[in-house]
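Student: okay, predicted coordinates and the sequence, questions at the end:
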2 protein chains.
Amino acid sequence: MAGHDALPLVVLTEQFAKLPGIGMKTAARLAYHVMSMEAAEVEEFAQALQNAKKTVHYCQCCENLTDQELCPVCEDESRDHQVICVVETPKDIAAFERTGEYKGTYHVLHGLISPLRGVLPDDLKIRSLLRRVQAGGIQEVIMATNPTVEGDATAAYVSQLLKPLGVTVSRLAFGLPVGGMLEYADEVTLYKALENRNII
Amino acid sequence: MAGHDALPLVVLTEQFAKLPGIGMKTAARLAYHVMSMEAAEVEEFAQALQNAKKTVHYCQCCENLTDQELCPVCEDESRDHQVICVVETPKDIAAFERTGEYKGTYHVLHGLISPLRGVLPDDLKIRSLLRRVQAGGIQEVIMATNPTVEGDATAAYVSQLLKPLGVTVSRLAFGLPVGGMLEYADEVTLYKALENRNII
């Protein structure tokens, strides 16, 4: 930013630039946009920020984000509480909910094990998952971390802790994406699709 | 957003999505990022928003954004107050200041005449420009609107109002790529355009 900008505008630009995927140019554009917004709109935005941070916390059961004691999924008695789908982030839950097909519960790890980035098992919400399974009544835990090196490693680590507890541990199937073109599939995906082929 | 997200998070996502160039996916990503920020950081962000909107207003002289009565350029006595460079937005001033070559003052129109979008001359800060020139002491007004249809039309309109007042009115040279945006011009191009300005 040029030194001739009003200071509060520079401060706001720097705040926007702290957000992921937003560079200085975009941040400046957003800051100028805020200047053209109504005062009431800006107030609403600021309050939404404060309100979200203040009232949203982790669900006592599944570690998903919620503003209640329990998240809507954990509170919903019509769902199958014998099945837990373990995901990396709350966003993954939204993806599963969009399918409309999954009726079990979730557990959010809030990260993946990654020694190179300094993320160790203790930094994830694994202990609360083990407590849920130890409390009994769980039949199956589905490891639904991303099919990446870190996602696979985390799934393997967590499943090793879960197996002695007597639950079925499963992993999402890997194969060709529906609607995808064989021609454009990468080697690993194609290999997985071949390996996990089903009799028809 | 899925209906299973905590409400304050949905509200925050919608606020982010109102910003220009930010869709629902990016907005959701930003909202989740806010959740992972420290409470103090979120508070700082919210205050930067409120503070910028509350304290930043238009300069009494040139209509640039400032948190003082006069912007730093209008207040600077070492600058040439006989020359006014008329621009569309405060961002354009930042671009000129980066060249380090322009020593005059500015005037921000805050838009361009565009009947199709319902922007008429009265919606722009043209009257305050005329008042500045009528007050005397101005030798030259440089029309530095973007080299687009609307920018040219606005420059022509404003220069017709200015000429009877006995000032020299000039237009930035066509060193700028036609159809390009002033904001993204490199320093040298912008300096050349300034240097080769033509009397109109």
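Tutor: Done, it's in.

Student: so which strand or helix has the nearest residue to A:I113 once chain neighbours are set aside?
Tutor: Sequence neighbours aside, A:T154 is the residue nearest to A:I113 in space, at 4.6 Å (criterion: Cβ to Cβ, 6 or more residues apart in numbering or on different chains). The way it works is simple: take the backbone N, C-alpha and C, and place the C-beta from them, glycine included. Assigned by DSSP states H and E, A:T154 belongs to helix A:149-162.

Student: what packs against that helix?
Tutor: helix A:127-134, strand A:140-143, strand A:168-171 (3 or more Cβ pairs under 8 Å, 6 or more residues apart in numbering or on different chains; DSSP states H and E).

Student: could you rerun that using 10 Å?
Tutor: In terms of contacts (3 or more Cβ pairs under 10 Å, 6 or more residues apart in numbering or on different chains; DSSP states H and E), helix A:149-162 is packed against strand A:80-87, helix A:127-134, strand A:140-143, strand A:168-171.

Student: starting at the chain centroid, how far to the third one?
Tutor: Spelled out, that is strand A:140-143. From the chain centre to the centre of strand A:140-143 is a distance of 16 Å (Cα atoms, centre = their mean, to the nearest Å).

Student: and if you look at the second one?
Tutor: Its chain's C-alpha centre and that of helix A:127-134 lie 19 Å apart, by Cα atoms, centre = their mean.

Student: give me the mean pLDDT for it.
Tutor: Helix A:127-134 shows a mean pLDDT of 94.

Student: cool, the last one as well?
Tutor: Over the span of strand A:168-171, the pLDDT mean works out to 90.

Student: next helix or strand past it?
Tutor: The element immediately downstream of strand A:168-171 (helix or strand, assigned by DSSP H and E) is helix A:187-195.

Student: buried sites along the least confident helix or strand in chain A by mean pLDDT?
Tutor: Across the helices and strands of chain A, mean confidence by mean pLDDT, DSSP states H and E is lowest for helix A:187-195: a mean of 79. For helix A:187-195, the neighbour count (16 or more other Cβ atoms under 10 Å in any protein chain shown) marks A:T189, A:K192, A:A193 as buried.

Student: now do stretch A:111-123
Tutor: Buried residues in stretch A:111-123, counting neighbours by 16+ other Cβ under 10 Å, are found at A:G111, A:L112, A:I113, A:V119.

Student: before we move on, what about stretch A:158-176?
Tutor: A:V158, A:S159, A:L162, A:V167, A:V169, A:R171, A:G175.

Student: elements contacting the lengthiest helix in chain A?
Tutor: Ranked by residue count under DSSP state H, the longest helix found in chain A is helix A:39-55. If contacts are counted by 3+ Cβ pairs under 10 Å, 6+ apart, helix A:39-55 sits against helix A:24-36, helix B:7-17, helix B:24-36, helix B:39-55.

Student: residues contacting the helix or strand following that helix, please?
Tutor: Downstream of helix A:39-55, the first helix or strand assigned by DSSP H and E is strand A:57-58. Strand A:57-58 is contacted from outside by A:63-69, A:71, A:90, A:108, A:110, A:125, A:128, B:6, B:35, using Cβ atoms under 10 Å, 6 or more residues apart in numbering or on different chains.

Student: got a list of what the most centrally placed residue in chain A touches?
Tutor: Most central in chain A under Cα atoms, centre = their mean is A:T89, positioned 1.3 Å from the mean C-alpha point. By Cβ under 10 Å, 6+ apart, the residues touching A:T89 are A:N64, A:L65, A:A95, A:V108, A:L109, A:H110, A:G111, A:L112, A:T145, A:N146, B:Y32, B:S36.

Student: which of these fall in strands?
Tutor: A:L65, A:V108 (DSSP state E).

Student: could the contacts of A:T89 go into TSV alongside pLDDT?
Tutor: Converted to TSV, the contacts of A:T89 look like this (pLDDT from 0 to 100):
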residue	pLDDT
A:N64	92
A:L65	90
A:A95	84
A:V108	95
A:L109	95
A:H110	92
A:G111	91
A:L112	93
A:T145	90
A:N146	88
B:Y32	89
B:S36	85
